[in-house]
Structure formats: C-alpha cells, structure tokens
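Novice: quick one: sequence and predicted model below, then my questions.
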Amino acid sequence: MTKTALIAGASGINGSAVAALLVKQGWTVHGLSRSPTGQAGVLPVSADLQDAKATAAALKDIQPDAVFISTWARQDSEAENIRVNAAMVRNLLDGLPKPTGPRHVALVTGLKHYLGPFDAYGKGVLPQTPFREEQGRLDVENFYYAQEDELFAAAQRDGFSWSVHRPHTVIGKAVGNAMNMGTTLAAYATLCRETGRDFLFPGSAAQWTSLTDMTDAGLLAEHLLWATETEAAHNEDFNVVNGDIFRWQWMWDRIADWFGIEAVPFDGTERPLEQQMAEDAPLWRKLAEREGLAESDLGRLASPWHTDADLGRPIEVVTDMSKSRRLGFTGYKPTDDAFFELFEQLRADRLIP
C-alpha cells in the first residue's frame, strides 16, 4: 500500500529534497507551508504553525505514516526562538489526528546542538570534535532542545517513534530560504565575476585552515527516509554529514574555478559577506533583467548573515557519523560535487547566469 508523508517546511532546502525523494519512491506526500509552492507530486497544505487552531483544521483529514519536520522561524532573541519554534512543533503534533497505526516523526535540527544558539554561537565551553551524539546538550538555552522536548513529549503521549537529525550546513536549492550558503556563494561569485571584484574568503582563519564538513540536501533526505524505515534507527538522534572532510582554503579555489574566477589568497582578515554584499541588490536586479534570470531579488537568493556565522566560527567543526554507519547507513557525497551540482541546477533554473 502507498505510504503517506507530511512534510513541514516542504518548500525549504531540506523539505523540498525529502519531498522529491518520497515522490520518486511512490509515497503520497503532503507539503505543509504558510505559502505552498507548486512542487511536482506534492499535495499542498496551507497553514501557519504558530496558529494552533488553523494548523489542526488544515491537518484534520491527514493520517500520515511519517512526518518530517524541517522548518523554523527566526526571532530576535533565543528566548523568542524557543517560544515560537517549540510552539510550532507542538501545534503540528497536537494538530494531527491520533495515529491509527505505526507512525514515525523525524525532526531536523543541526549542529547548533553542539555549538550553541545564535546568541552564543561557538562560544563558551564546547564539546571536543568530532561532535558525537553521546556528548549531549550544552548548559545553555537552545531552541533545538525545546523542539526535541516537544517531540519527545508527543511521542510518549501518542505512541509514535521518532528520530532527530543534525546536519551541518546544508547544500541545496530553495529560493527565499533563511539559511542558504550554497546559493549565497553562487550569487557572490557571480557578482565578483560581473564586477571584477576580488573573490575574498569572508570568514575566520580557523575556518580557512581547519577541517570541516557539510551536508548535501539529497543525502539528508536519504538519511531521513532510512531512519523512518529502519526500526533500529527509531528513537535515536543522529549526526548526518556527507562523509568527506575538507579545508576552506582548498574548497574556495574549487568554487572559484567553477565560476571562472580567481580566488584571492586569504590574508587573515575577516571580510563578512554582509558588508561585501550590502550594496549589491540593485546590481543584481540589473544583472537579472539583462540575463533574464528567474529571481531579481538578491535577498531571496542570498543569506550573507548565515554564511558569515558559519565561515566566521573560531573553532574546527567536524562531525562523527559512526552511529549511523553502525546501523547500516552508507550514504556518501563529496562536498565539492554537492556544490557543483547545486550550481548547475541554479544555472539550469535561471537563478544564476
């Protein structure tokens, strides 16, 4: 029989990749978002997860075998992040009809579980790298922890299984996404080529020279489905990254080569993209009109603040995946391939020239 899925955040980087995978595998897929977009094979569900009554009304006729939660709403403080994002998970799980059979709920969070929230990102006493699931929570308030607690409480009440997935920075396509390094770097490289500006690494010396890893959206989707369908993976938390490691001093040259520009050697000075790209919106609009691009609003493509947060970290960030490997997940994606495939897709979809 056809299985049914509900994806919260179906139009985002993670959610759209999960939707595409499930549709390909024959699932009936309901995609929930405030403003559903046309996704092939996805049944749109319109709801604001901050509105409990409206969410329950939108979900009253959906009885999913699997629920994938990959959405959040950025607020001005971590206290507000906790209040709003915990309520969104609670409203979703409370609004669904009670399970009539086995149900699995997968929550996507991230490495801020180990690094701390935006208010204290990469500061204080942090666990050793590589980050491992058994290292547990930091002694700080964190909206990821609040989301998990809502998940655990609902699972205990309603009897469904769960999994928590912690990707590193995700490489994938989504217009209007708040955290999108891949498209941000593509837009930045395009502007450097257009203007002849130097392609300057915006981050810290630690990120330039230290080892790091990332997560491809397609590989994350495979991991989510694997955990849903693998009983041994139920009621577990997982890191999920591509499986390779690299240094940005190598990757920066690779990205520059793809765009046909030269990478300027890093001199140790941080040059945040928020500053470098602060005046670029009009330039992008003119470029989009000239080249017939599908999106002329640079703000819907680039998220410099998030890329700066990742590339400005003062510490090494490497993630261990032994837990998944021991349970049988063998997915692997070279990170440079993930970037290049994204760039090719952006070009094919006329998002970059």
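Specialist: Now that the structure is in, tell me what you want to look at. Residues are numbered from 1 along each chain as shown.

Novice: show me the strands in the chain, by range?
Specialist: Secondary structure of the chain (DSSP state E): strands at 4-8, 28-33, 42-46, 66-69, 104-108, 161-167, 170-171, 211-212, 215-216, 236-240, 246-247.

Novice: can you redo those as TSV with mean neighbour count and mean pLDDT?
Specialist: C-betas here are computed from N, CA, C, even on glycine. Output for the strands of the chain, formatted as TSV (neighbours: other Cβ atoms under 10 Å; pLDDT from 0 to 100):
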stretch	mean neighbour count	mean pLDDT
strand 4-8	26	98
strand 28-33	24	95
strand 42-46	17	95
strand 66-69	28	98
strand 104-108	26	98
strand 161-167	23	98
strand 170-171	28	97
strand 211-212	18	96
strand 215-216	28	98
strand 236-240	22	98
strand 246-247	15	97
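
Novice: could you dump those strands into CSV and include distance to residue 17?
Specialist: Output for those, formatted as CSV (distance: least, Cβ to Cβ, whole Å):
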stretch, distance to residue 17
strand 4-8, 10
strand 28-33, 12
strand 42-46, 12
strand 66-69, 10
strand 104-108, 11
strand 161-167, 11
strand 170-171, 9
strand 211-212, 21
strand 215-216, 9
strand 236-240, 12
strand 246-247, 21
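
Novice: so where's the stretch 101-250 of the chain uncertain?
Specialist: 118-124 (pLDDT under 70).

Novice: OK, contacts around residue 268?
Specialist: Taking Cβ atoms under 8 Å, 6 or more residues apart in numbering, we find residue 268 in contact with residue 205.

Novice: repeat that for residue 23.
Specialist: 29, 40-42 are the contacts of residue 23 under Cβ under 8 Å, 6+ apart.

Novice: rerun at 10 Å
Specialist: 5, 29, 31, 39-42 (Cβ atoms under 10 Å, 6 or more residues apart in numbering).

Novice: for these, which one is nearest residue 289?
Specialist: Nearest to residue 289 among these, counting by Cβ to Cβ, is residue 39 at 27.1 Å.

Novice: wait, the closest one sits on residue 32?
Specialist: No. Using Cβ atoms under 10 Å, residue 39 makes no contact with residue 32, being 11.6 Å away.

Novice: shared neighbours of those two, anything?
Specialist: Common neighbours of residue 39 and residue 32 (Cβ under 10 Å, 6+ apart) are 7, 10-11, 15.

Novice: what is the most widely separated pair among the residues you listed?
Specialist: Maximum distance among the shared contacts of residue 39 and residue 32 (Cβ to Cβ): 9.3 Å, for 7 and 11.

Novice: output the shared contacts of residue 39 and residue 32 as a markdown table; include the columns distance to residue 110.
Specialist: Compiled in a markdown table, the shared contacts of residue 39 and residue 32 are given as follows (distance: Cβ to Cβ, whole Å):
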| residue | distance to residue 110 |
| --- | --- |
| 7 | 17 |
| 10 | 18 |
| 11 | 18 |
| 15 | 14 |
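
Novice: looking at those, which are in helices?
Specialist: Counting by DSSP state H, the shared contacts of residue 39 and residue 32 place residue 15 in helices.

Novice: ok, and the most crowded of the shared contacts of residue 39 and residue 32?
Specialist: Using other Cβ atoms under 10 Å as the neighbour criterion, residue 7 leads the shared contacts of residue 39 and residue 32 with 31 neighbours.

Novice: ok, back up a step: dump the contacts of residue 23 to CSV, plus distance to residue 127.
Specialist: CSV is the format used below for the contacts of residue 23 (distance: Cβ to Cβ, whole Å):
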residue, distance to residue 127
5, 33
29, 36
31, 35
39, 37
40, 41
41, 40
42, 38
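
Novice: closest to residue 163 among the residues you listed?
Specialist: Nearest to residue 163 out of those is residue 5 (Cβ to Cβ; 13.9 Å).

Novice: dump the residue contacts of that closest one.
Specialist: Residues near residue 5 by Cβ under 10 Å, 6+ apart: 18-19, 21-23, 25, 27-31, 42, 62, 64-68, 104, 106, 224-225, 228.

Novice: again, 6 Å this time
Specialist: 22, 27, 29, 64, 66 (Cβ atoms under 6 Å, 6 or more residues apart in numbering).

Novice: just checking, the third one touches residue 22?
Specialist: Meaning residue 29. Yes. Using Cβ atoms under 6 Å, residue 29 is in contact with residue 22, at 5.0 Å.

Novice: run through who's touching stretch 54-64.
Specialist: With Cβ under 6 Å, 6+ apart, stretch 54-64 has contacts from 4-6, 30, 45, 47-49, 91, 95-97.

Novice: ok now it, how far from the chain's centre?
Specialist: Centroid separation between stretch 54-64 and its chain, computed with Cα atoms, centre = their mean, to the nearest Å, is 25 Å.
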